[in-house]
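Participant: requesting a structural model of the entry that follows:
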Amino acid sequence: MGQRLRAATVLLCLAWTFRLHRWAPAFVVLAFVAWVLMHWRLEAGLGRVLAQRWGSPWPGGLVIVAALLCASAVAFVYADIAPLAKVMPVALALFGLSVLVTGTWWRAEGARS
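Facilitator: Have a look, this model is predicted:
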């Protein structure tokens, strides 16, 4: 998975986090419960089988992440919320699209691998 795709996916998740910030405590509890259940299942010897089947399911291909970013930006613009609350999610979704198009331009030149 490329660095651009990974960075764009993180920005997509952050955009939705800022949009759904009221639900953050519920998401944290849900993530913790999912982690506990998955940890219990993976420690029971099922881990190798699941790792072989799942591989790397997320993020999807470049086209899927780009489509999700575009749809998210449009959904945030047309959401029935205050205009000031739309700024951060829309900016993060558009920034994610720019990362897909131009790459990770904010990294230092010497840090590239």
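Participant: list the buried residues for the helix or strand that contains Gly96?
Facilitator: Under the criterion of DSSP states H and E, Gly96 resides in helix 83-102. Residues of helix 83-102 classed as buried by neighbour count (16 or more other CB atoms under 10 Å): Lys86, Met88, Pro89, Val90, Leu92, Ala93, Leu94, Phe95, Gly96, Leu97, Val99, Leu100. Where C-beta positions appear, they are placed from N, C-alpha and C, glycine not excepted.
Participant: kindly reformat these as TSV containing distance to Arg6 and pLDDT.
Facilitator: Shown next, in TSV, are the buried residues of helix 83-102 (distance: CB to CB, whole Å; pLDDT from 0 to 100):
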residue	distance to Arg6	pLDDT
Lys86	26	83
Met88	21	84
Pro89	20	85
Val90	21	88
Leu92	15	86
Ala93	16	86
Leu94	18	88
Phe95	14	87
Gly96	11	86
Leu97	15	86
Val99	9	84
Leu100	11	83
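Participant: in JSON lines: these, plus distance to Phe76.
Facilitator: Output for the buried residues of helix 83-102, formatted as JSON lines (distance: CB to CB, whole Å):
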{"residue": "Lys86", "distance to Phe76": "5"}
{"residue": "Met88", "distance to Phe76": "9"}
{"residue": "Pro89", "distance to Phe76": "4"}
{"residue": "Val90", "distance to Phe76": "5"}
{"residue": "Leu92", "distance to Phe76": "9"}
{"residue": "Ala93", "distance to Phe76": "6"}
{"residue": "Leu94", "distance to Phe76": "10"}
{"residue": "Phe95", "distance to Phe76": "13"}
{"residue": "Gly96", "distance to Phe76": "12"}
{"residue": "Leu97", "distance to Phe76": "13"}
{"residue": "Val99", "distance to Phe76": "17"}
{"residue": "Leu100", "distance to Phe76": "17"}
